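>>> Return atomic coordinates for the entry below.
(chains A and B)
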Amino acid sequence: MTRLATPAALAGWRKTLQAAIDPKKPKLTVCGGTGCRANGSVELAEDFAKALHGAPDRSVELKLSGCHGFCQQGPIVLADPEGFFYRGVGLGDRARDVGEILEETFGKNRPVARLLYEDPRTGEKIPRHRDIPFYAKQHRIALRNNGRIDPNSLGDYVAADGYAALALALTLAPDEIIASMKKSGLRGRGGAGFPTGDKWALCRNAADRTMRHVICNGDEGDPGAFMDRSIMEGDPHSVLEGMAIGAYAMSGGICPAEGVIYVRAEYPLAVQNLGAAIRDAEAAGLLGDGILGTTFNFHVKIKEGAGAFVCGEETAMTASIEGRRGTPSPRPPYPAQRGLFGKPSNINNVETWANVPPILTRGAEWYAGIGTATSKGTKVFSLVGKVRNCGLVEVPMGTTLSEVVEGIGGGVPGGKPLKSVQTGGPSGGCIPAAQLGLPVDYEQLAKAGSIMGSGGLVVMDEDTCMVDIARYFLQFTRTESCGKCAPCRLGTRQMLLVLQEITAGKGTPAHLALLEEVASAVKVTSLCGLGSTAPNPVLTTLKCFREEYEEHVNASTCRAFVCSAMVSYFVEADRCIGCGACARACPTGACRGEKKKLHVIDQSICTKCGSCLAACPGVAAAVYRKSGDLTRREPQQKRPAAAKAA
Amino acid sequence: MKKRGGERRKPDERLVAIFARHRGVRSELIPLLQEVQGELGYLSPDSMREVARFLRMPESVIFGVATFYAQFYLTKQGRHKIKVCQGTACHVRGGAAILQAITRKLGIEAGQTAEDGEFSLERVACVGSCALAPVVVTDDKVHGAMTPAKTERLVDSLRKPGSHPK
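I've put the predicted structure just below:
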């Protein structure tokens, strides 16, 4: 790679690259995101390469791209020029899938029907990517290149207008860029939603004029969220370009700037792709010294996190980068005044940085035209849990939850009613089904007692116990509490103890009042965001699903059959056909019986794992479960039809 | 070079090689510990002592950092590392049952290493593969849509020498 010495050289290279793209040329794009890799997409791409190598008459371009976002359907293969979308390729007979895709798609110009996506509602096969509701209803800005380009190819990124925003930025005055960011209305995508332009201005105007540290927060810790991972893996240059623009805007004409990307240790592919992107960009003169022939220098280093949720908090993150325990510090001073190594620092989330380049090239007005009055642009959500179409969804702010969950996500599988949508991870709350009409933006979610957070949306159906969910999140925050401040260290522990009592069937009505009291105290007195938001899952479930708590403490009933201390499994005598499936499935030997005779479950050694219920064949449907009044253990009781659900 | 007091064993050559790549400033502490663990498999008391010497910092500080972060192990790990995801998406889709099945199968609790040194079991809070929930990670390979029965088969396949499940 020769260095691009001027912006004109970059533009010239882009022109050459774009001219070389033939939209009619056959092309296969295999998804190389972590989800598809788990299902063997790399091996699949190798098989395609081998098959194509053996058939030199076919000039098919093969690409291993970043995450397409529709991870549940992986491995995903896109076949251009027709835009055929193949799902689950190679899960069965890989050689057959590879052969048929090449033969049918490029030989006969028709799709391989059995590998197409099927609409779960209508059963209709949808051949083309653009017609699939999951994609058609999205508006992708941060994910603009994901699944389209090879993350390890700088040329791919440049051809997709990459680094045009940086070239433009270097011709503008830093204050102009900051004004443009303010005008766009972009707010921090990491959770708190602080206006990005204001944050940049604070850092630029800091009194210390010796150094600016520009940090990318890639410590995506919220369980259930993986958009930052996908962007870092699938489009690493967009993050680097955003950071370089930010660095120029905050340091230009004042002092040098240095960049750090703090990546979670659990994301090895992100580290690898970002590292390669930094090397390529430096070699091309798009990062490093004298960027595009100007006097602006900007070096970026990767710091791998070491597994601590609290390091997503700004002051804890800077402590961790400095090599200390990642505990937060009281603010002020804010990182913009005194951050990393005591110098003014700016920390923005991965998705925020990825939004910066298009805002500059397409204009602040364009960006501000998307979204709601207070929340501009789009937001990427990771839609997971009990929903048909799991994956990454980018929609304009203000889109309703039901549009995301039902319209794009396809609703709950198996026709079960949706109970709740959890937003914002361990810091967020549970929004009940009745409020699904809620337009999603920072203010509306806060009003509902939750937060935007990093954008995890976990869908829950009636098999999810809301008390158990609160216990689950408290277990998480208690483990991750760094221990520096007492309210969080002790409060999360006390809340967890109370919730453990309740889910173990030992709760009393007084526990609910105690929970509320402790939760409110932790919320207002904790040092950092981890503690002050940790009570949110407790408070929102107590508010919206109080009846479930009351059933637990008053009637020892878990309606979702999750709290195993309150659940018992039985075999109904007149339905058991003695097939022995339950006994074979039982891991503890609690389920016993002779062949062709009634089986019984020994309650004293049953661990309530539910294996017997899942194993009992549909023709018999003899195993059932009960929660509540466990003194009546006679299995003869008639079981309601809906109870056989697993 | 100034002579330090007390008898001192020669430091592990592997550590010397790692130290040669660093300048010896504090901000390198976490990368240093990561590299040491990458080489040794865990952080032994001796290795932490050597890191302390290299950075000219008290051993207590090294220990404090090593114990703060979940990534660092202070005990020897098994030949296969099994991580069971207990993130929200996995929890909602039955991750607890997967952990239960694997605990039963291996006879060890999360955070422990089997006596024969074959397996270490760990519960993690999200590996970012939520669309495939529930997820188990064995030696950095992600396995999605797990069931208790599939999990048991996965463990069996790891027991076979030289075989890694597809």
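>>> To what extent is residue 153 buried, counted in neighbours?
Picked chain A for this. Residue A:153 has 18 neighbours, counted by other Cβ atoms under 10 Å in any protein chain shown. Any C-beta I mention is one placed from the backbone N, CA and C, and that applies to glycine too.
>>> hmm, I had chain B in mind actually
The tally of other residues near residue B:153 (other Cβ under 10 Å) stands at 12.
>>> mind showing which ranges of chain B have poor pLDDT?
B:1-9, B:161-166 (pLDDT under 70).
>>> And for chain A?
Along chain A, the model assigns pLDDT under 70 to residues A:55-58, A:629-646.
>>> which residues touch residue 76?
Because you didn't say which chain, this covers chain A. Contact analysis of residue A:76 by Cβ atoms under 8 Å, 6 or more residues apart in numbering or on different chains lists A:30, A:31, A:36, A:41, A:68, A:70, A:85, A:86, A:87, A:89, A:147.
>>> nope, chain B please
With contact set as Cβ under 8 Å, 6+ apart, residue B:76 has these partners: B:41, B:42, B:113, B:117.
>>> Please enumerate the strands of the stretch 201-350 of chain A.
A:212-218, A:257-263, A:298-304, A:345-349 (DSSP state E, counting those that start in this stretch).
>>> got TSV for these, with distance to residue A:75 too?
Output for the strands of the stretch 201-350 of chain A, formatted as TSV (distance: least, Cβ to Cβ, whole Å):
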stretch	distance to residue A:75
strand A:212-218	25
strand A:257-263	24
strand A:298-304	27
strand A:345-349	28
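>>> among those strands, which is nearest residue B:130?
Nearest of those to residue B:130, taken as Cβ to Cβ: strand A:212-218 at 16.9 Å.
>>> List just the nearest of the contacts of residue A:76 to chain B.
Ranked by distance to chain B (Cβ to the nearest Cβ), the contacts of residue A:76 are led by residue A:70 at 8.0 Å.
>>> who are the neighbours in contact with that closest one?
Residue A:70 sits next to A:76, A:87, A:132, A:134, A:135, A:389, A:391, A:392, B:131 when contact means Cβ under 8 Å, 6+ apart.
>>> Over to residue A:146?
Residue A:146 neighbours (Cβ under 8 Å, 6+ apart): A:65, A:66, A:67, A:68, A:69, A:140, A:230, A:231, A:234, A:235, A:392.
>>> how far away is residue A:10 from chain B?
Distance of residue A:10 to chain B, given as Cβ to the nearest Cβ, to the nearest Å: 33 Å.
>>> and that residue, how many neighbours does it have?
Look at residue A:10: counted by other Cβ under 10 Å, it has 22 neighbours.
>>> out of the contacts of residue A:76, which are inside strands?
A:30, A:31, A:85, A:86 (DSSP state E).
>>> With neighbour count and distance to residue A:511 added, can I get those in a markdown table?
Output for the ones in strands among the contacts of residue A:76, formatted as a markdown table (neighbours: other Cβ atoms under 10 Å in any protein chain shown; distance: Cβ to Cβ, whole Å):
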| residue | neighbour count | distance to residue A:511 |
| --- | --- | --- |
| A:30 | 25 | 53 |
| A:31 | 32 | 47 |
| A:85 | 25 | 51 |
| A:86 | 26 | 52 |
